[in-house]
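# quick one, what's the 3D model for this:
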Amino acid sequence: MGGHTRTSYTSEMASLTLTDVEKIYPGGAHAVRGCALEIADGEFLVLVGPSGCGKSTLLRMIAGLEDITSGTISIGDRVVNAVQPKDRDIAMVFQNYALYPHKTARANLEFALKLRKIPRAERQERITEAARQLGIEELLDRRPGQMSGGQQQRVALGRALVRNPAVFLFDEPLSNLDAKLRHRTRGELKELHRRVATTSVYVTHDQEEAMTLGDRVVVMKDGLIQQVGPPLEVYRRPANLFVATFIGAPAMNLFEGAIDGSGTTFEGPGGISIPLDETAVQNAAGRSVTLGVRPQHLEPTANGVELTVRICEPLGDETDVMLDGPGGTDFTARLKLDAVPAAGSTMTLGPKPGTLHLFDSESGERLG
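Purely as a prediction, here's the structure:
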């Protein structure tokens, strides 16, 4: 992919193709439904969604740890449905690190290479290079019990890296880390992928993690893919109401209403009236819709909606303000303010031009 620089550390080129992949468990639970994905060589793809959406099941099917009910999975030009996990040329990094507690970091990194009968000199060369890449040289003679969680996670990454796999699979690898370490390790992961450019599939329930790491993100719900695209495209043009509310924090404000007879104004609860400008949908006059606006896209304006401040959450340079609107509506705005407004005070807010989202009230699909 553009901007990636391959090192001698990477395997042969390997795309990953999923064609109509299904997973139905005994008893009828339908975990994955008709999943079709083309993952380019060197791409970092993130599967994101709430618990139970099928993302981890899909990852485990790619790894060969779960049988496929129907469909095909191909790594490069090879269909791997019936190929054992050890023969798929993949390396997996787990949430719980899965290090051998009685082995040093060096021995943990070396173990899989010994099983593959890699010559000793090459084993040491790979370990040295992985340790340099991840900054864990000083940890090589320590056992996992002598390391912090972040250090153990780096060793787990190193164990995957030394194998030179065709595909990296990550199963929520940062979820056991505290917020500060998680943020730092996320940056290190991104930099590592930039250097080694190995095809990677990463599972997370954290939409911020998905947005910052992925070349593309796959948003899933109830075993179905809801949207696939670059992070900013998914954020700016969510395909449906689920994606709109799942991606982005704080969550998008949503209001039920209709487009007026002229097709240029949204009319909502409590007499709310919002001009649609360039977001208007052609031939949609009188149509029932759900209007969405992100908290970051509300701003003080003389022609907006008068709202009453309920709660403020100062974040430093910005403040999240929860407000009560007409007709019992709730608004959340993320604003740059010189002072935190008092509860009970009023503010008049409106959307920035071109930032509104419209969805069909029945199907939830995006309009326009």
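# for the helix or strand of the chain with the lowest mean pLDDT, buried residues please.
Lowest by mean pLDDT, DSSP states H and E among the helices and strands of the chain is helix 179-196, with a mean of 81. Neighbour counts using 16 or more other C-beta atoms under 10 Å place 181-182, 185-186, 188-189, 192-193, 196 of helix 179-196 among the buried residues. Heads up, the C-betas are built off the backbone N, CA and C, glycines and all.
# one more: stretch 248-259?
248, 252-255, 257-259.
# low-confidence ranges, the stretch 1-150 of the chain, go.
1-13 (pLDDT under 70).
# quick one: the helices in it?
Using DSSP state H, counting those that start in this stretch, the helices of the stretch 1-150 of the chain run over residues 55-63, 105-115, 120-134, 149-161.
# how about the residue positioned nearest the centre of the chain, nearest residue that isn't a chain neighbour?
By C-alpha atoms, centre = their mean, the chain has its centre lying nearest to Ala210, at 2.2 Å. Once flanking residues are discounted, Ala210 sits nearest to Val48: 3.9 Å by C-beta to C-beta, 6 or more residues apart in numbering.
# that neighbour contacts Gln207, correct?
Yes: Val48 is within contact range of Gln207, at 5.9 Å (criterion: C-beta atoms under 8 Å).
# name the residues contacting each of these two.
Residues touching both Val48 and Gln207 by C-beta atoms under 8 Å, 6 or more residues apart in numbering: 246-247.
# what about these two, which has more around it?
Val48 (27 against 23; other C-beta atoms under 10 Å).
# so for Thr329, which of the helices of the stretch 1-150 of the chain sits nearest?
Proximity to Thr329 (C-beta to C-beta) singles out helix 55-63 among the helices of the stretch 1-150 of the chain, at 33.1 Å.
# follow-up on the earlier one: run through the residues that contact the residue nearest to the centre of the chain.
Going by C-beta under 8 Å, 6+ apart, the list of residues near Ala210 reads 46, 48, 204, 217, 231, 247.
# what's near enough to touch Thr290?
Here Thr290 is in contact with 241, 254-257, 358-361, 364 (criterion: C-beta under 8 Å, 6+ apart).
# inside strands: which ones of these?
Within the contacts of Thr290, residues falling in strands by DSSP state E are 254-257, 358-360.
# count of neighbours near Gln296?
17.
# looks to me like Cys312 is in a helix.
No: secondary structure assignment (DSSP: H, G, I helix; E, B strand; the rest coil) places Cys312 in strand, not in a helix.
# list the contacts of it.
Per C-beta under 8 Å, 6+ apart, neighbours of Cys312: 319-322, 340-341, 343.
# what do you get for Glu365?
Glu365 neighbours (C-beta under 8 Å, 6+ apart): 239-240, 359.
# just the pLDDT for it.
pLDDT, Glu365: 95.
# give me the beta-bridge partners of it?
Per DSSP bridges, residues listed as beta-bridge partners of Glu365: Asn240.
# measure it to Ile62 for me?
Taking C-beta to C-beta, to the nearest Å as the measure, Glu365 falls 29 Å from Ile62.
# ok, now Met322?
41 Å.
# go on, Val321?
From Val321 to Ile62 the distance is 43 Å (C-beta to C-beta).
# any stretches of the stretch 251-368 of the chain with poor pLDDT?
Using pLDDT under 70, the stretch 251-368 of the chain drops low at 278-283.
# just so I have it, where are all the helices in it?
Using DSSP H, counting those that start in this stretch, helices in the stretch 251-368 of the chain do not occur.
# can you show me the strands along it?
253-259, 265-267, 273-275, 288-293, 298-314, 319-324, 330-335, 346-351, 357-360 (DSSP state E, counting those that start in this stretch).
# distance to Met147 added to these, as JSON lines?
Converted to JSON lines, the strands of the stretch 251-368 of the chain look like this (distance: least, C-beta to C-beta, whole Å):
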{"stretch": "strand 253-259", "distance to Met147": "44"}
{"stretch": "strand 265-267", "distance to Met147": "55"}
{"stretch": "strand 273-275", "distance to Met147": "54"}
{"stretch": "strand 288-293", "distance to Met147": "45"}
{"stretch": "strand 298-314", "distance to Met147": "35"}
{"stretch": "strand 319-324", "distance to Met147": "37"}
{"stretch": "strand 330-335", "distance to Met147": "38"}
{"stretch": "strand 346-351", "distance to Met147": "49"}
{"stretch": "strand 357-360", "distance to Met147": "45"}
